[in-house]
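Peer 1: sequence first, then the predicted structure:
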Amino acid sequence: MSIPSRIAVALLLVAGGSYAWSASAADDASAGFSRCMDAGGGVTARMLDCIGTETRLQDARLNAEYRRTLAAVSPGQQTRLRAAQRVWIQYRDANCRFRADPDGGTLASVAAAECVRTMTTERASELAQLRPQT
């Protein structure tokens, strides 16, 4: 990660405990995400574009992992997974909306977007790990 990206992450942390790149979410991010963030040079609009693009990729991954996991578990587990996923989506959305503090300036919008990206990436990985190993 370049110096501008590291500065942006540090600013996110200083801006009120906002979400920053976690190790697992960074590991599962697409190859282009770090390059995009590095090229953005810490400019808010560019960071939001990078995060948005990556979130769309990770959301597609999340949906694919959810479908694969749903197909791999018993009918009883399917019911529980559907319920858990619905609640997880509500939690993610509420948790990340909280980070979009209107008094936090433009950095709050980056923190909120990064929260959605990170949580979505982590959940996609978690769903893949929940599948029974064959």
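Peer 2: All right, it came through fine.

Peer 1: ok, the residue lying closest to Cys36 once chain neighbours are set aside - how many residues close by?
Peer 2: Counting by CB to CB, 6 or more residues apart in numbering, Cys36 lies nearest to Cys50, which is 3.8 Å off, once chain neighbours are set aside. (C-beta placed from N, C-alpha, C; glycine too.) For Cys50, the neighbour count with other CB atoms under 10 Å is 24.

Peer 1: can you name the element that comes right after the one helix or strand Cys50 maps to?
Peer 2: Assigned by DSSP states H and E, Cys50 belongs to helix 44-72. Next in sequence after helix 44-72, counting helices and strands by DSSP H and E, comes helix 75-99.

Peer 1: what mean pLDDT does that next one have?
Peer 2: For helix 75-99, mean pLDDT is 97.

Peer 1: what about this protein, any weak spots by pLDDT?
Peer 2: 1-26, 134 (pLDDT under 70).

Peer 1: and Glu114, how many neighbours?
Peer 2: Counted by other CB under 10 Å, the residues lying close to Glu114 total 28.

Peer 1: next, give phi and psi for it.
Peer 2: Main-chain dihedrals, Glu114, degrees, to the nearest 10: phi -70, psi -30.

Peer 1: that one contacts Cys50, doesn't it?
Peer 2: No - applying CB atoms under 8 Å as the test, Glu114 and Cys50 come out as separate, 9.8 Å apart.

Peer 1: quick check: phi and psi on the nearest residue to Arg68 once chain neighbours are set aside?
Peer 2: Spatial nearest neighbour of Arg68, excluding adjacent residues (CB to CB, 6+ apart): Arg131 at 6.4 Å. Taking degrees, to the nearest 10, you get phi -70, psi 140 for the backbone angles of Arg131.
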